[in-house]
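In: predicted model and sequence follow; I will ask about them next.
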Amino acid sequence: MLLTLNISYGQKSKMSFERLKALKMSFITEKIGLTEAEESVFWEIYDQYEEKIFVDCRKKIKNLRKSYMKSQDSISNEEALEVIQKINEMERYALELRGKRDKLLLEKFSANIILKMHHAEYHFNREMVYKMRKRKDHHKNE
């Protein structure tokens, strides 16, 4: 979800995927408490799937939504249904990829570590959304 959002960084530039990824890595690493050796194994698996989810799902969903917004007043019901089905298909695929990622991580780490990762991801996403809203409200008041 978070990766589909446009996140402002500074006044006019947007936060890059790489910058967001680095912030997320730091946040999760701090919350799950891995050793240096464990971190390299963990992030190798995690990054492989995170990149695939971003490219194969989030970017495509974002593009679909952009094209829908341009034609939302003229789109037919059949075309709208097709867009909904494509978005749902990509969301299911993203969920499948996260399941595969977790399965691989569970081969190397305890379920407690993976659950901590899920918890940290959730809180990272909430924190980023909160900061985006706060920044948006700040820009409205200027």
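Out: It's in. Numbers count the residues shown, from 1 in each chain.
In: show me where pLDDT drops low in the protein?
Out: Residue ranges of the chain with pLDDT under 70: 1-15, 142.
In: show me the biggest helix of the protein in terms of residues.
Out: helix 77-108 (DSSP state H).
In: for it, packing partners?
Out: Taking 3 or more CB pairs under 8 Å, 6 or more residues apart in numbering; DSSP states H and E as contact, the helices and strands that helix 77-108 lies on are helix 36-53, helix 59-71, helix 111-140. Every C-beta, even on glycine, is put in place using the N, C-alpha and C of the backbone.
In: flag every buried residue along the longest one.
Out: By that I understand helix 111-140. 113, 114, 116, 117, 120, 121, 124, 125, 128, 132 (16 or more other CB atoms under 10 Å).
In: go through those and name the one nearest residue 26.
Out: Nearest to residue 26 among the buried residues of helix 111-140 is residue 124, at 9.5 Å by CB to CB.
In: so the closest one touches residue 25, yeah?
Out: No - using CB atoms under 8 Å, residue 124 is not in contact with residue 25, being 9.8 Å away.
In: export the buried residues of helix 111-140 to CSV and tack on distance to residue 140?
Out: Below are the buried residues of helix 111-140 laid out as CSV (distance: CB to CB, whole Å):
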residue, distance to residue 140
113, 41
114, 39
116, 36
117, 35
120, 30
121, 29
124, 25
125, 23
128, 19
132, 13
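In: what is the nearest of the residues you listed to residue 72?
Out: Closest to residue 72, out of all of the buried residues of helix 111-140 and judged by CB to CB, is residue 132, at 23.0 Å.
In: what angle sits between the longest helix of the chain and helix 36-53?
Out: Angle of helix 77-108 versus helix 36-53, following axes from the mean of the first three to the mean of the last three CA atoms, to 10 degrees, is 160 degrees.
In: what's the angle from helix 77-108 to helix 111-140?
Out: Per the same axes, to 10 degrees, the angle that helix 77-108 makes with helix 111-140 is 130 degrees.
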